[in-house]
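Undergrad: have a look; sequence and predicted model below, questions after that.
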Amino acid sequence: METGVISIDQPQELQQAQAYAAAGHFTQAAMLCERLLQQEPNHAVVLHLCGTSYLHSNEVKQAVTLLRKATRARADDPSIWFDLGLAQEAAELPTDAEASYTHVVLLKPDHVGAWSRLTTVYRRMSRWDDAAKACRRAIALAPDEPELDYALGNILLNQQQWPEAAAAFRQALAKKSRYAEAFNGLGQALKNARKYEEARAAFTQAISLRPRFLEALFNLGNTLQALEHWSEAALVYKDALAIAPCSIEVLGNLGNTLWSAREFAAAAAIHRKVLALRQDYAPAHNSLGNALLGLKRFDEAKAEFEQALALSPNDPNTFCNLGNVFLAQNQLEEAIGYYHRALQHEPGFRQAVFNEGLVLLLKGDLRAGLPKYELRWVLKRQAMDEPPPRENWQGDLPVDGKTLLVCCEQGLGDTLQFLRYVPLLKARGAKVILRVQETLRPLLLDMPDVTIVSAKDDELPPFDHYCLLLSLPLAFGTELTTIPANVPYVKAPAIKTALWRYRLDRFTGLKIGIVCAGNPQHRNDYNRSCPLAAFKPLAAATGKSLFLLQKEIRPTDTAVLADSPEFINLSAGLKDFTDTAAIIANLDLVIAVDTSVVHLAGAMGKPVWVLLPFAPDWRWMMDRSDSPWYPSMRLFRQPSPDDWTSVMTQVTQALTTFTPNACPHISSLNEECL
């Protein structure tokens, strides 16, 4: 703080007061100044010194009063105005502080401190544009001060100007390379720009400089969550908890991470810890309810959501969660009722609209459900690396002679299912560029008159319109009776098919391929995959070998394979989907849980039996054993959650009457594929 200069003609008492202040003995300094002010109440130097002494003693009201008097006594002294601004800030008078600092820069335009304090005042007032202008002025006057670049970065973060914020933090780091806070700010800017790997590196650097940097640990955990690196995120949150064991925010995020990793019991335990710290915390009741829902403890989940509603009666998320409880029990009308209640409290609430769309699709009402299903992209975009390159084509614009980029989304099975719409685009005269997952690209390269590119390719050929693959059913006005189901629309390569026929010829009789588990990263994997051991009754019933058609074998299934010669593990030969398709072309039947393999078999027109969980994906609808999407498909459903035994009993009985080539498409398919 600027307190004036001691001159040789000042009284001894004033010099003593200044000495007290210089030594940090502000109470004694103030007492001496008060005695001097009784003699000369308007002495500017004494008023200034007394005011700053009170400010240092946290007696801010007295400080403001005295410093205001000092400005009246010496209105042209910027140091007094500056200290008055500090006192006004301490007294939580930001508007007055702004006026004082503004007076400073009018008197002394190059006063870096005043521009810096104006930056802080504007930030506290959420006047971000003014804060940025003041901070840039301070940087121009003091270009070597990294703290000013750091302050500018934080302002730009609040303005959601992510690239500019990152640039400011990098400027700070160029001036001060071991600046942990600037690395943390840089990570925030990069994370918000969805540059998650770069953000991860920045947060990691911040933590290496300050190992107990709680905010950076928390941010790193959030970034790992965005990357869906659940186990790493959980470890980071645990490191944060070692610093702040009672942090509700860190505990909550750890619980949510465990939920995302489908470790529902562990997630529930964490959320109970949160509630032990704060019983009236509605988000924790919601999160605990979601964990219990994952454990299929429906009544307990419902009770937690109701408790959350009691604490926060208008939260649309909680109504959605209650709807999900009923959806998981196939009580569709009750689920829709709760989604509508969410919309009553927040009209247009996207998650509720989307969830209602899923229920309508489950009911087979494609006309009403597909428009709501479009919200999947709006909801998912928050976690995407980049937005779509342009507005999604919705079937309204003519495409004759135009080039249409069709992009895959979601899983491999989704791509295989909705490829059926590509011929419809070609029938409208469109030239189609199909952007697919790299693992599917070799299988689809022979699609006639379609350019196949990998989703990993950064550069795309020129195109006129853009469409997400799963938006094509809506674009073509699809209803149950108009689903394009002309199979086969995917074919296995002839050479590989012949090679696999040679390999499988030594196995006589009925040839059945099986899949017990899909992608372990799939959000519904815990619900749709089953143990390999559950397939043992099928092998016993047929007396034949079952060919395992999955590349990844889970550890629990590896032990079953070792003790079960009836299972023939083909994983070593599955280099890509062309191998899977070639094997399927040589099989009589595929029996599998809901994975990409069932879509491949269905798209090839091969007989395929799908083993469905009690609460199925929307595309399989309800209460039917066939699928309008695939003529060669048969559906077997759990009668209650997790009841794979009953499903296998149904399949075993069905196998007693199964006849190869019973599907009308099979004879022609074999000719085309071979």
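TA: Perfect, thanks for sending it. Numbering: from 1, shown residues only.
Undergrad: end to end, how far does stretch 436-446 reach?
TA: The straight-line separation of the ends of stretch 436-446 (Cα to Cα, to the nearest Å) is 14 Å.
Undergrad: so for it, what gets flagged as buried?
TA: Within stretch 436-446, the residues scored as buried using 16 or more other Cβ atoms under 10 Å are V436, Q437, L440, R441, P442, L443, L444. Glycine gets a C-beta too; all of them are placed from N, C-alpha and C.
Undergrad: filter those residues down to just the ones in helices.
TA: R441, P442, L443, L444 (DSSP state H).
Undergrad: could you export these as JSON lines, including pLDDT and distance to A151?
TA: Shown next, in JSON lines, are these (pLDDT from 0 to 100; distance: Cβ to Cβ, whole Å):
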{"residue": "R441", "pLDDT": "93", "distance to A151": "48"}
{"residue": "P442", "pLDDT": "94", "distance to A151": "53"}
{"residue": "L443", "pLDDT": "95", "distance to A151": "54"}
{"residue": "L444", "pLDDT": "94", "distance to A151": "52"}
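Undergrad: need those in a markdown table (columns: distance to H229).
TA: As requested, those are arranged in a markdown table below (distance: Cβ to Cβ, whole Å):
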| residue | distance to H229 |
| --- | --- |
| R441 | 26 |
| P442 | 28 |
| L443 | 29 |
| L444 | 30 |
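Undergrad: pick the one among those closest to T508.
TA: Nearest to T508 among those: L443, at 28.7 Å, using Cβ to Cβ.
Undergrad: can you pull the contacts of the closest one?
TA: For L443, the contacting residues are V490, D576, F577, T578, A581, by Cβ atoms under 8 Å, 6 or more residues apart in numbering.
Undergrad: now with 6 Å?
TA: If you count contacts by Cβ atoms under 6 Å, 6 or more residues apart in numbering, L443 has them with F577, T578, A581.
Undergrad: check which helix or strand the second one maps to.
TA: Element membership for T578, per DSSP states H and E: helix 577-585.
Undergrad: who touches that helix?
TA: 440, 442-443, 492-493, 496-497, 500, 573-574, 601, 606, 673.
Undergrad: repeat for stretch 296-312
TA: When contacts are defined by Cβ under 6 Å, 6+ apart, stretch 296-312 is touched by residues 280, 282, 285-286, 288-289, 292-293, 318, 321-322, 325, 329, 641.
Undergrad: give me the buried subset of these.
TA: A282, H285, N286, L288, G289, L292, L293, T318, N321, L322, V325, Q329.
Undergrad: which one of those sits closest to W620?
TA: Within the buried ones among the contacts of stretch 296-312, proximity to W620 (Cβ to Cβ) peaks at Q329, which comes in at 16.5 Å.
Undergrad: what's the closest one sitting at in phi/psi?
TA: Per-residue torsions, Q329: phi -100, psi 10 (degrees, to the nearest 10).
Undergrad: tell me the contacts of it?
TA: F298.
Undergrad: ok, now how distant is it from Y281?
TA: Remark: distance between Q329 and Y281 (Cβ to Cβ, to the nearest Å) = 27 Å.
Undergrad: now, of the contacts of helix 577-585, which are buried?
TA: L440, P442, L443, A492, P493, K496, T497, W500, L574, A601, K606, C673.
Undergrad: that older thread, so how far is the helix holding T578 from its chain's centroid?
TA: Relative to the centre of its chain, helix 577-585 is centred 34 Å away, using Cα atoms, centre = their mean, to the nearest Å.
Undergrad: same deal with stretch 495-504?
TA: 43 Å.
Undergrad: what's the lowest-pLDDT member of the contacts of helix 577-585?
TA: Across the contacts of helix 577-585, the member with the lowest pLDDT is C673, scoring 36.
Undergrad: picking that back up, list just the nearest of the contacts of stretch 296-312 to C467.
TA: Nearest to C467 out of the contacts of stretch 296-312 is N321 (Cβ to Cβ; 32.3 Å).
Undergrad: for S564, see how far away the closest one is.
TA: N321 sits 41 Å away from S564, going by Cβ to Cβ.
Undergrad: please apply the same query to Y373.
TA: Using Cβ to Cβ, we find Y373 at a distance of 41 Å from S564.
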